[in-house]
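Colleague: Fold the following.
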Amino acid sequence: MAMRNFYNEIRGLKVKEVPAHLKPMFTLDYVKNSIKRGLDNYHAKYIMTDSIDPLYHVCFGGMIFSYLVALPEERRHLQHAKEHAAAGDLDFDKIETIPDAFCVAWIADIRTKDA
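Modeller: I've put the predicted structure just below:
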């Protein structure tokens, strides 16, 4: 909805007029007021109505945040396992954790399908 309103605002402007129209939107006061307005709308929509949705927002937001924080490490781990599988130096006795075992088994399964 916000994108539609923004598009409708700039649709009638000429290209030379767009920077002058957008410049006030990037001031510190405008950003502060926009955030405050958004928080006020959230408070009116969810907090004042005793909705359980804010709890869901915190739970799902925390889950997504933790996934995104752990993603680079998991990608490095998978790449390292792929490099060892490609080299053929998999040692099943040195697998220490269950995710390692699943990763090695998955890569070994891929290698057998390709062969």
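Colleague: dump the residue contacts of Asp87.
Modeller: Let me fix one detail, which is that residue 87 is Ala and not Asp. Neighbour list for Ala87: empty [criterion: C-beta atoms under 8 Å, 6 or more residues apart in numbering]. Heads up, the C-betas are built off the backbone N, CA and C, glycines and all.
Colleague: Pull up the gap between it and Ile47, please.
Modeller: Plainly put, Ala87 is 56 Å away from Ile47 if you go by C-beta to C-beta, to the nearest Å.
Colleague: Return the distance of the helix or strand Cys59 falls within from the chain's centre.
Modeller: Following DSSP states H and E, one finds Cys59 within helix 53-87. Taking the mean of its C-alpha atoms, helix 53-87 sits 10 Å from the chain's own mean (C-alpha atoms, centre = their mean, to the nearest Å).
Colleague: what does the average pLDDT come to for that helix?
Modeller: Summarised as a single mean, pLDDT over helix 53-87 is 88.
Colleague: What distance do you get for the residue positioned nearest the centre of the chain to Val58?
Modeller: Nearest to the mean C-alpha position of the chain, counting by C-alpha atoms, centre = their mean, stands Leu68 at 6.0 Å. Counting by C-beta to C-beta, the gap from Leu68 to Val58 is 16 Å.
Colleague: Great, nothing more from me.
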